[in-house]
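Visitor: I would like the atomic coordinates for the input below:
(one chain, ligands or ions: 1)
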Amino acid sequence: MALKGKTAVVTGAALGIGKAITEILLQNGAKVTLLDINETAGKTLKEALNKQYGEERSLFFECNVESEEQIKAAFQSTVDTFRGIDIVCNNAGILNEKQWEKTVSVNVMGLIRVSYVALEYMNKLNGGKGGTVINVASVAGLTPVPACPVYTATKHAVVGFTRAMAAASSASGYGLRFNAVCPSLVKTDLIASLMDNLGQFSHLAYATQCSSVQRAMKCYVDDDPSSTSIRLAHVLQPQVSPPNNTRLQHKLYIWRKSFNCL
Ligand SMILES: NC(=O)c1ccc[n+]([C@@H]2O[C@H](COP(=O)([O-])OP(=O)(O)OC[C@H]3O[C@@H](n4cnc5c(N)ncnc54)[C@H](O)[C@@H]3O)[C@@H](O)[C@H]2O)c1
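Guide: Numbering: from 1, shown residues only. Model (predicted):
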């Protein structure tokens, strides 16, 4: 999809990955509505974007993905201003194993809530233009992270929801594509506060990586060298050289490349 003239809505847009997504969309000609609960960071970013791209290219709304009312108001204002929505990026997410219900609420329920509102506005059968919904999952959506079981569960849910919605939209003729991206570690506030937000399994944060390497090393010296290099590559770069290369994992590769992580 060429981005010039398109309109995107990005959740959790004020900081981190959401901010990076917003910037790449604007750089490529799209108009962007930024949604975030952090009003200060959102307004600061909006002012910077006004200077760089012009005031008319973006909107900011203080919006919590846990509130259907706030989401609907933001979508309606976007349509009123930009005359339609082509892209929705469900990026807002948290990692907090101590407040695990909140993590489920934001990462799963919030993402589903925004997706269903997107469907109302974009579904071709409702008079919408169709378009694309991109959900920010994580490598934790593809493989377990023992130190954060709830975050892992939420991101597996995002991957499952995305797959089911893609199939449902295709079968029903909604004209909407659903895709998930699964980033590995990206240097943001979420990672900076990681150790404070891990719960009862925080002791596994480092142990897991070491045991994975031990297992891979053992494979390296075993009798069957044919499987060894694949397994070792999987440990070192699980998202780049997985044993079973699926389309989703390929998208992850593209995502990492776009963030210069390779
Ligand atoms: N940083 C990583 O290593 C990494 C890796 C894989 C996936 N992710 C995912 O990427 C997404 C963005 O993460 P990040 O690292 O940029 O985090 P971040 O904490 O730097 O930024 C998250 C943004 O979302 C906003 N937000 C939080 N809760 C919200 C809510 N209820 N409603 C609206 N906005 C809300 C925050 O205010 C913040 O601006 C998340 O879904 C995260 O799970 C991050």
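
Visitor: Name the residues of whichever strand or helix holds residue 51 that are buried.
Guide: Assigned by DSSP states H and E, residue 51 belongs to helix 39-53. For helix 39-53, burial by neighbour count (16 or more other C-beta atoms under 10 Å) applies to 41, 42, 45, 46, 49, 53. All C-beta spots, glycine's among them, are computed from the backbone N, C-alpha and C.

Visitor: is it true that the last one touches residue 26?
Guide: Think residue 53. Yes. Using C-beta atoms under 8 Å, residue 53 is in contact with residue 26, at 5.0 Å.

Visitor: What residues does the stretch 151-262 of the chain have near the ligand?
Guide: Contact residues, the stretch 151-262 of the chain versus the ligand (C-beta under 6 Å from any ligand atom): 183, 185, 186, 188, 189, 190, 191.

Visitor: Mind checking which of these are buried?
Guide: Buried members of those, counted by 16+ other C-beta under 10 Å: 183, 190.

Visitor: Using CSV, please lay out the residues of the stretch 151-262 of the chain next to the ligand together with pLDDT, distance to residue 34 and secondary structure.
Guide: As requested, those are arranged in CSV below (pLDDT from 0 to 100; distance: C-beta to C-beta, whole Å; DSSP: H, G, I helix; E, B strand; the rest coil):
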residue, pLDDT, distance to residue 34, secondary structure
183, 97, 19, coil
185, 93, 24, coil
186, 95, 18, coil
188, 95, 16, coil
189, 95, 16, helix
190, 95, 18, helix
191, 92, 21, helix
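
Visitor: Could you identify the most distant pair in the residues of the stretch 151-262 of the chain next to the ligand?
Guide: Largest separation among those by C-beta to C-beta: 183 and 189, giving 14.5 Å.
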